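Colleague: Sequence plus the predicted model coming up.
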There are 4 protein chains.
Amino acid sequence: METLKIGVAGLGRLGLIHAENIYNMKGIELTAISNLDEKINKKVKEKYKVPYTYTSYEDMLENPELDAVCIVTPSGFHTEHIRLALAKNLHIFCEKPIGLDVEDIKNTIKVIEKHDRIFHLGFMRRYDEDYLYAKELIDNGGIGDISLIRSYSIDPIQELDSFVNFAKKSPSGGLFLDMSVHDIDVIRWLTNSEISTVWATGNNKAAPELSEVNELDMGTVTMKLENNVTALLVAGRTASHGYHVETEIIGTKGMIRVAAAPEKNKVTVFNEHGTVRPSSQHFPERFARAYENEIKDFVRCIRENKSPEVTSLDGLRGTEVALACQKSFNENKLVDVKY
Amino acid sequence: METLKIGVAGLGRLGLIHAENIYNMKGIELTAISNLDEKINKKVKEKYKVPYTYTSYEDMLENPELDAVCIVTPSGFHTEHIRLALAKNLHIFCEKPIGLDVEDIKNTIKVIEKHDRIFHLGFMRRYDEDYLYAKELIDNGGIGDISLIRSYSIDPIQELDSFVNFAKKSPSGGLFLDMSVHDIDVIRWLTNSEISTVWATGNNKAAPELSEVNELDMGTVTMKLENNVTALLVAGRTASHGYHVETEIIGTKGMIRVAAAPEKNKVTVFNEHGTVRPSSQHFPERFARAYENEIKDFVRCIRENKSPEVTSLDGLRGTEVALACQKSFNENKLVDVKY
Amino acid sequence: METLKIGVAGLGRLGLIHAENIYNMKGIELTAISNLDEKINKKVKEKYKVPYTYTSYEDMLENPELDAVCIVTPSGFHTEHIRLALAKNLHIFCEKPIGLDVEDIKNTIKVIEKHDRIFHLGFMRRYDEDYLYAKELIDNGGIGDISLIRSYSIDPIQELDSFVNFAKKSPSGGLFLDMSVHDIDVIRWLTNSEISTVWATGNNKAAPELSEVNELDMGTVTMKLENNVTALLVAGRTASHGYHVETEIIGTKGMIRVAAAPEKNKVTVFNEHGTVRPSSQHFPERFARAYENEIKDFVRCIRENKSPEVTSLDGLRGTEVALACQKSFNENKLVDVKY
Amino acid sequence: METLKIGVAGLGRLGLIHAENIYNMKGIELTAISNLDEKINKKVKEKYKVPYTYTSYEDMLENPELDAVCIVTPSGFHTEHIRLALAKNLHIFCEKPIGLDVEDIKNTIKVIEKHDRIFHLGFMRRYDEDYLYAKELIDNGGIGDISLIRSYSIDPIQELDSFVNFAKKSPSGGLFLDMSVHDIDVIRWLTNSEISTVWATGNNKAAPELSEVNELDMGTVTMKLENNVTALLVAGRTASHGYHVETEIIGTKGMIRVAAAPEKNKVTVFNEHGTVRPSSQHFPERFARAYENEIKDFVRCIRENKSPEVTSLDGLRGTEVALACQKSFNENKLVDVKY
């Protein structure tokens, strides 16, 4: 088994997580990094003994040693970075979303399909043990047929300031494209159905400053699915208690909640506040193991030449639905999703 | 303090609860009952030492000893029964809803307003200690401003058969009018705001037989409020685990769940199923204490000549919103609530 | 059904609870109160419309209208007050313990047995719905045979100061006699077995000032029962989070926890502390309904001439075991309980 | 950084866990295994690409490539295997306990101290994130001074049969030496104090067949510590709901429970049983991550030439206390622990 050589593009918070996970994996080498900030590059190079560092993605792709790239650059660059990597015949792990524009994504998918390279998309919740447990229970008929699904993604208020700064500089695509894509993917994955109609609402009661950057601090989407399931989706940016990602599935024979409370661990503290369960504080903490599993699966797909479970079509669908949500919110009306 | 004499009209499950609570209260006499089924009347007469029994509501109203009536007859009779009782100058406790038709309710409210009698409407959740605790926390600023509210009312599947039989005989008004009025009232009460737009969805995956009687086993409503809060509402008839009434309030500084699980008591059982908290099985169990508090408050309002917190307008609003939900579901479109 | 007339002796915190419950019960009159503090008597007289008030217990017993007394005087007076009431042929509800001295209790039991009056002892946990649910589950074989039982009674630290003041004036009998008697009774009740050997330990780490009054802030007892069950018992006075009364029963086929957390209600708050369940703050809150049920049962026993479930022997056993615990702690050795 | 080469001795359930963790670690090679059963050796060799396999521990030690051994042989062999490995100048990771006989352990410790090799003892709970969170909270004063500590280790009943078979063949040392050593270590670790007096009780109500092999299915120990803390310890073999390892620490300013319920994951299921949290089923599941962290720490200690946190003295103390517990149970008396 030869060592697989991977380059990581983009060293934001999530890029650093992928870099560390790749570094720690047996049989894999974190061969290169590309990132604008040279200070960060230097630190990462030292910490993870990275042979090559670049400030340009294109330069990194010229490195003939690379077998694969892990794209964690800003969402707006994803489609181009995917196409460039495929032109070099590299396997690709790409963070969600594939892109922000539907036509651009469709064109990119055509390119992906022309190459027999592994394309793995970063919907890490599919690799989280809690979600996998729920999925298995559902698929085994444990709760009958699904009639309703509710999914929350609420970021901690501690991260609001940094988000506002970020949003001022580069548009995130909005709450639905930025955060709800994960919930949209979970809904499609758990129900095996597509979303047909959406109505989105929202407000900025906790963070009025978000209005200035055309963002929401609390958004909801109600969805009808093709199989007549209803889905309720909440996305937010101002949870006082931590990072609240929760999914509920109501079936005809039972009901499941994945992370009804965002439990940090198995510890309960009894103090002047009452009976307290501490919360997960952010996505790196909540999904630490899922990110590991995801990269392991990427490597397994390459080694065994297997198709990843998450396909580029899943990425396209997520973006299509999120854009329909945004349109529904903007125009305050029911919107039928076009595929 | 003279003994207050109350007559109970209607001895269905809820009528029996009110009868028992009235019987047990000091300073109150369960003076009369009116109900079609003489067998039940006989049992109740014996159990609670009721002086007078009637098979006709009108006959009961002729009893000059009565100070007040408790109307627990089928919803379709409420407005008429209210007007008849007022004509006899009686204080009234009336189960929700005031009525099924908006014009009829408006006319009845005019009659109510012409009499200086106590009119108390049965939104018992406002007397439940869990909801009161949440209300106080909210009003004291404990979670900042409300940005989202979610409320569930899901009946246990054990009661489905009896509901189907019931619905075949007399229309319930539909899931939204029958069940969601409680959630609608909770939403208005906790937010101090009115509902402006609704979208309702639903399906019958668990109980397809409900389609025949034009009912839903699972319905949702998404609502925009005048103060720009979003509300999500779920109503159902097929919970495997018991009687699931839950309300979540997301504020700018915290989040509250009232009965995140429908805990029957404080007991935890560890057995082959895992760590198990038993569930409340039905509304008489879940809201036993709330029904007691409600009647006590009715009596207190009479004795102290105080206005009840729940007004006839609250009843009207509940019905108006529920009818808008039904219309939205029927026509599958956004509906603006007309007041 | 004639009105039953009851006098309450002692208007400390628990006395006031009993007075209120008696006052609120249909068919019962709170006919008299006896208590040293005239100011409190005046207030109670007004609040509950009490016909007769006394500063002397003996004087109250002279009132010929009384059918029963509720003895809530300091523990040291119980046996005398029981005998005096029986001499007047009154039914008796007596707070735990029957007394502090075993010989004195035994003599009092002989007097009780000579009178055909109801004697009801205040082990209110037997009337708590959570404990009753556990008891029924156990008796129905839901967890097989009991192999271990653990029971906690920990008072909130908020009440420490008032306890220290109280303990300086009149000895409580110590942690085991004052608090653990409830756990001892629960253990005997749930296991249907007697305690044979005990070892008690303790310390004053949270409240060293208790050493001065010869008290403990944290005590434990390990017990062997005649049926070879082990029991673990913890009593304390300094819980930060509220009033923690918890009982665990480990059986051969399952395990039960009664109040694993001292949940105040069904509300969950998500805030900067995490996921928080508020706590019950003191015994009047935690056992409000149990105190009501207990007095109702007392009245039912009188009316139906039935023997109460809790007997004077249960009271004797509780004291005998608690004294053995105290002796074990004092001498730091295993002590066999003598009956 | 050179590759570290480790041999694993003993491929029972825990040996296989260590083998897998060693195999997966970057910079480490699972160079050799020694185990009696050749079939298992063959499987492990293939699965983890192990260069050398042996049926004799002594033979494996002759392999000059080895840097370290991981001893997971039956407890009775530990001291000998430790001494043999040290004679070859190897670093040692050894599963608990060091040994079953105090003198033998003391002699072995002398040998350990004569070698400057890393000796790492397998008390994996010290590497569990839940226990580490509690430890940090305690050390930061989050609950004040500890006054009581309670620790449970209860194996699932599913494993009873295999244990009975195992116990018939080779003595486990008894419930206290086999299971409670973990709790004893946790108590010493969290309190920074030694145990001075113990009283042990137990019974075989769930598994009377254990009496034949001189074992208990439920045992408890009450302990006094030198700093006057009380500790309560429960060990069992017949939990219906899974693998129940729980530790409670009561401090003067708060209380902590580590794993109050043995939650398998963050999923809650609502079904006909109520609100259900699934349980961890066995130690490999519950402590999967702790076992990984433990081996990582062993490697880190070797590379950085640092002393492990768990010392051979901790191992000695654990055995001394467990033997005192067994003696207390056998003779049914308080036993002072001799160090």
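Modeller: That came in fine, so what should we check first?
Colleague: Please make it C-alpha for all contacts and neighbour counts, starting now.
Modeller: OK.
Colleague: Give me the distance between the two termini of stretch A:205-215.
Modeller: 12 Å (CA to CA, to the nearest Å).
Colleague: do stretch A:243-260 as well
Modeller: OK, stretch A:243-260 end separation, CA to CA: 12 Å.
Colleague: That stretch and chain D in contact?
Modeller: Yes: for stretch A:243-260, a contact with chain D is found by CA under 8 Å from any CA of the partner chain, at A:K253, A:G254, A:M255, A:I256, A:R257, A:V258, A:A259, A:A260.
Colleague: The residues you listed: which two are farthest apart?
Modeller: A:K253 and A:A259 (19.8 Å; CA to CA).
Colleague: And the residue in chain A sticking out farthest from the centre, how far from C:V234?
Modeller: Using CA atoms, centre = their mean, the residue of chain A lying farthest from its centre is A:E272. It sits 37.3 Å away. Distance, A:E272 to C:V234, by CA to CA: 20 Å.
Colleague: With A:L16 instead?
Modeller: Distance, A:L16 to C:V234, using CA to CA: 49 Å.
Colleague: A:F119: what's it in contact with?
Modeller: Contacts for A:F119 were tallied using CA atoms under 8 Å, 6 or more residues apart in numbering or on different chains; they are A:H91, A:I92, A:F93, A:C94, A:I112, A:P308, A:T311, A:S312.
Colleague: now with 7 Å?
Modeller: A:H91, A:I92, A:F93 (CA atoms under 7 Å, 6 or more residues apart in numbering or on different chains).
Colleague: so what's A:D116 up against?
Modeller: No contacts exist for A:D116 under CA under 7 Å, 6+ apart.
Colleague: Per-residue confidence at the residue farthest from the centre of chain A, what does it come out as?
Modeller: Model confidence at A:E272, given as pLDDT, is 97.
Colleague: Do I have it right that it meets C:H241?
Modeller: Yes: counting by CA atoms under 7 Å, C:H241 is a contact partner of A:E272 at 4.6 Å.
Colleague: Can you work out which residues contact both of these two?
Modeller: Joint contacts of A:E272 and C:H241 (CA under 7 Å, 6+ apart) do not exist.
Colleague: Report pLDDT for whichever residue of the stretch 51-200 of chain A sits closest to chain D.
Modeller: Closest residue of the stretch 51-200 of chain A to chain D, CA to the nearest CA: A:D130 (5.9 Å). pLDDT, A:D130: 98.
Colleague: Am I right that it is in a helix?
Modeller: Yes: under DSSP: H, G, I helix; E, B strand; the rest coil, A:D130 falls within a helix.
Colleague: My read is that it contacts D:K264, right?
Modeller: No: contact criterion CA under 7 Å: A:D130 and D:K264 do not qualify, at 9.1 Å.
Colleague: and the stretch 101-250 of chain A, which of its residues are near chain B?
Modeller: Neighbours of chain B within the stretch 101-250 of chain A, by CA under 7 Å from any CA of the partner chain: A:S147, A:T201, A:G202, A:N203, A:K205, A:A206, A:T222, A:N228, A:T230, A:T238, A:A239, A:S240.
Colleague: hang on, the earlier thing: counting neighbours, go ahead and name the busier of A:L16 and C:V234.
Modeller: C:V234 (26 against 17; other CA atoms under 10 Å in any protein chain shown).
Colleague: can you pull the contacts of that one?
Modeller: For C:V234, the contacting residues are C:S151, C:Y152, C:S153, C:G219, C:T220, C:V221, by CA under 7 Å, 6+ apart.
Colleague: Can you give me the neighbour number for the closest residue in space to the fourth one that isn't next to it in sequence?
Modeller: Nearest-residue entry for C:G219: C:G202, 4.0 Å, with adjacent residues in sequence omitted and distances by CA to CA, 6 or more residues apart in numbering or on different chains. When neighbours are defined as other CA under 10 Å, C:G202 has 23 of them.
Colleague: any idea whether C:G202 is helix, strand or coil?
Modeller: Going by three-state DSSP: C:G202 is strand.
Colleague: Quick check, it in contact with C:T220.
Modeller: Yes: using CA under 7 Å, C:G202 makes contact with C:T220 at a distance of 6.0 Å.
Colleague: one step back: of the contacts of A:F119, which are in range of chain B?
Modeller: Checking the contacts of A:F119 against chain B (CA under 7 Å from any CA), there are no matches.
Colleague: Adding neighbour count, write the residues you listed out as CSV.
Modeller: What follows is the contacts of A:F119, written out as CSV (neighbours: other CA atoms under 10 Å in any protein chain shown):
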residue, neighbour count
A:H91, 25
A:I92, 26
A:F93, 23
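Colleague: out of those, which one sits closest to chain C?
Modeller: For these, the nearest to chain C is A:F93 (34.4 Å; CA to the nearest CA).
Colleague: so the closest one sits in a helix?
Modeller: No: secondary structure of A:F93 (three-state DSSP): strand, not part of a helix.
Colleague: contacting residues for it?
Modeller: A:F93 neighbours (CA under 7 Å, 6+ apart): A:V69, A:C70, A:I71, A:F119, A:H120, A:L121.
Colleague: List the contacts of the third one.
Modeller: In this structure, A:I71 makes contact with A:V8, A:A9, A:G10, A:F93, A:C94, A:E95, judged by CA under 7 Å, 6+ apart.
Colleague: Then the fifth one?
Modeller: Counting by CA under 7 Å, 6+ apart, A:H120 touches A:I92, A:F93, A:C94, A:F298, A:P308, A:V310, A:T311.
Colleague: could you redo the last one with a cut-off of 8 Å?
Modeller: A:I92, A:F93, A:C94, A:F298, A:P308, A:V310, A:T311, A:S312.
Colleague: Give me the distance between it and A:L90.
Modeller: For A:H120, the distance to A:L90 - CA to CA - is 12 Å.
Colleague: domain assignment for chain A?
Modeller: Structural domains assigned to chain A are A:4-117, A:126-289+A:318-336, following automatic domain parsing.
Colleague: Could you save the ones you listed as a markdown table and add columns showing distance to C:T197?
Modeller: As requested, those are exported to a markdown table (distance: least, CA to CA, whole Å):
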| stretch | distance to C:T197 |
| --- | --- |
| domain A:4-117 | 56 |
| domain A:126-289+A:318-336 | 32 |
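Colleague: quick one: buried residues of the lowest-mean-pLDDT helix or strand in chain A?
Modeller: Across the helices and strands of chain A, mean confidence by mean pLDDT, DSSP states H and E is lowest for helix A:160-169: a mean of 85. For helix A:160-169, the neighbour count (16 or more other CA atoms under 10 Å in any protein chain shown) marks A:L160, A:V164, A:A167 as buried.
Colleague: list the helices and strands the next helix or strand after it packs on?
Modeller: Beyond helix A:160-169 in the direction of the C-terminus, DSSP states H and E gives the next helix or strand as helix A:175. Secondary-structure packing of helix A:175 (3 or more CA pairs under 8 Å, 6 or more residues apart in numbering or on different chains; DSSP states H and E): no helix or strand packs against it.
Colleague: Tell me the buried residues in whichever helix or strand comes after helix A:175?
Modeller: The helix or strand immediately downstream of helix A:175 is helix A:181-191, counting by DSSP H and E. Buried residues in helix A:181-191, counted by 16+ other CA under 10 Å: A:V181, A:H182, A:D183, A:I184, A:D185, A:V186, A:I187, A:R188, A:L190, A:T191.
Colleague: Put together JSON lines for the residues you listed, with pLDDT and distance to A:E304 on each row.
Modeller: Output for the buried residues of helix A:181-191, formatted as JSON lines (pLDDT from 0 to 100; distance: CA to CA, whole Å):
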{"residue": "A:V181", "pLDDT": "95", "distance to A:E304": "29"}
{"residue": "A:H182", "pLDDT": "97", "distance to A:E304": "27"}
{"residue": "A:D183", "pLDDT": "98", "distance to A:E304": "29"}
{"residue": "A:I184", "pLDDT": "98", "distance to A:E304": "29"}
{"residue": "A:D185", "pLDDT": "98", "distance to A:E304": "25"}
{"residue": "A:V186", "pLDDT": "98", "distance to A:E304": "26"}
{"residue": "A:I187", "pLDDT": "98", "distance to A:E304": "28"}
{"residue": "A:R188", "pLDDT": "98", "distance to A:E304": "26"}
{"residue": "A:L190", "pLDDT": "98", "distance to A:E304": "26"}
{"residue": "A:T191", "pLDDT": "98", "distance to A:E304": "28"}
